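Peer 1: Need a 3D model of the following:
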Amino acid sequence: MEELRKKIRVSHRISDDSLDINNLSQYSLFLSVEDKNLRVAIVDAVEKKCMILEDYRFSGVTSRKDTIQHLNTVLEGHLVLRARYWGEVALIARNGGFSYIPQEYFDETQKSAYLYFNPNLENVNLYSYSHSNCDLCSVFQVEQEFVDWAKKAYPNKDIKILHQADVFLASAIKETDNNYETNIFIDIENRYMNMLVLRGGCILLYNRYYYQSPQDFVYFLLFAIDELQINNDTLQVILYGEISKDSGIFNLMQKYIQNVEFGKRSKEVSFSYKFDEVLGHRYFDLYNAYLLKS
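Peer 2: Coordinates of the predicted model:
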């Protein structure tokens, strides 16, 4: 066990002073997972306040089994996360592919067909989510091992299964700036980005792009702008996630994009001063996960 703990690095661990373990029934627990990372947010659904933010990075991961062992190690050493009386528990997947279908054409029996062009992962289940505010349905992949882990950790809860792409979509739509003709929202991870293009409340593009360099990243962005015939003068690009102002990506983007800025912390949730140590554009999707209703 001690060897496993050495392979877990904590990037952030923030807890609000008003956290009360006796109030778990009004708290929502969000677990955002991929093979080498666990992010945790706890939101008081009554007060609409973020109570906990934690970010764990795993090393020495060569298989899904290794990831599950790391996840179990985090839980076993955590008094709050081991509790089982949450108002709700949601698992947010980040690895698997996703697709969007207009609600009027969505057929639950055709989920596999909707993901035909997405890379297949071994041992995955398919789930769907309806975005009634924009008349879209998503279909997404979630690794069965992660679902089994969450159900075992919280056996008395009906685990809500979500995808990072859905959470970001619901969050970004609320941030649309009507002063610009087109808004591009980008949620950045270390090896991929989710790019959402909105114009007049309509979704022009939503896709995931894998990149290896700042040049790759900017190429995908400029290609989308060119293909959609977007006017740079009336475009706003907002960045969220794993990026900083001194990054190569941001410096290169500024050469081509006139209006590019970093996103701000969620308006839907309140935060104590303790969360000020985290950059405002980080964990945007995680903070807003409670917006997605069952």
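
Peer 1: can we go C-alpha only for contacts and neighbour counts from here?
Peer 2: OK.

Peer 1: Poorly predicted segments of the stretch 151-294 of the chain, please.
Peer 2: 294 (pLDDT under 70).

Peer 1: Please enumerate the helices of it.
Peer 2: 164-173, 214-227, 248-253, 284-287 (DSSP state H, counting those that start in this stretch).

Peer 1: Now stretch 159-177: buried residues?
Peer 2: Neighbour counts over stretch 159-177 (16 or more other Cα atoms under 10 Å) mark 160-173, 176 as buried.

Peer 1: Straight-line length of that stretch, end to end?
Peer 2: One end of stretch 159-177 sits 34 Å from the other (Cα to Cα, to the nearest Å).

Peer 1: again, but for stretch 36-51
Peer 2: Start-to-end, stretch 36-51 (Cα to Cα) is 24 Å.

Peer 1: Ok, stretch 127-146 next?
Peer 2: 14 Å.

Peer 1: Now do the same contact list for the nearest residue to Lys49 once chain neighbours are set aside.
Peer 2: Counting by Cα to Cα, 6 or more residues apart in numbering, Ser270 is the residue found nearest to Lys49 once chain neighbours are left out, at 4.6 Å. Residues counted as contacts of Ser270 (Cα atoms under 8 Å, 6 or more residues apart in numbering) are Lys48, Lys49, Cys50.

Peer 1: quick revisit: closest one to Val10 among the helices of the stretch 151-294 of the chain?
Peer 2: helix 284-287 (16.7 Å; Cα to Cα).

Peer 1: For that closest one, buried residues please.
Peer 2: Phe284, Asp285, Leu286, Tyr287.

Peer 1: And stretch 250-257, by the same measure?
Peer 2: Phe250, Met253, Ile257.

Peer 1: of these, closest to Val142?
Peer 2: Phe250 (30.9 Å).

Peer 1: Distance of that closest one relative to Phe217?
Peer 2: Look at Phe250 and Phe217: by Cα to Cα, they are 10 Å apart.

Peer 1: Same check on Leu279?
Peer 2: For Leu279, the distance to Phe217 - Cα to Cα - is 21 Å.

Peer 1: Between the two, point out the one with more neighbours.
Peer 2: The neighbour count for Leu279 versus Phe217, taken as other Cα atoms under 10 Å, is higher for Phe217 (21 against 17).

Peer 1: coming back round to it: for the buried residues of stretch 250-257, give me TSV that also has distance to Glu189.
Peer 2: Output for these, formatted as TSV (distance: Cα to Cα, whole Å):
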residue	distance to Glu189
Phe250	14
Met253	16
Ile257	20
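
Peer 1: re earlier: out of the buried residues of stretch 159-177, which comes closest to Leu71?
Peer 2: Ile161 (17.1 Å).

Peer 1: Against Leu292, how distant is the closest residue to the closest one other than its chain neighbours?
Peer 2: Once flanking residues are discounted, Ile161 sits nearest to Leu91: 5.1 Å by Cα to Cα, 6+ apart. Leu91 is 12 Å from Leu292, where distance means Cα to Cα.

Peer 1: tell me the contacts of Val269?
Peer 2: Val269 sits in contact with Val43, Lys48, Lys49, Cys50, Tyr287, Asn288, where contact means Cα under 8 Å, 6+ apart.

Peer 1: ok, now with 7 Å
Peer 2: Val269 makes contacts with Lys48, Lys49, Cys50, as judged by Cα atoms under 7 Å, 6 or more residues apart in numbering.
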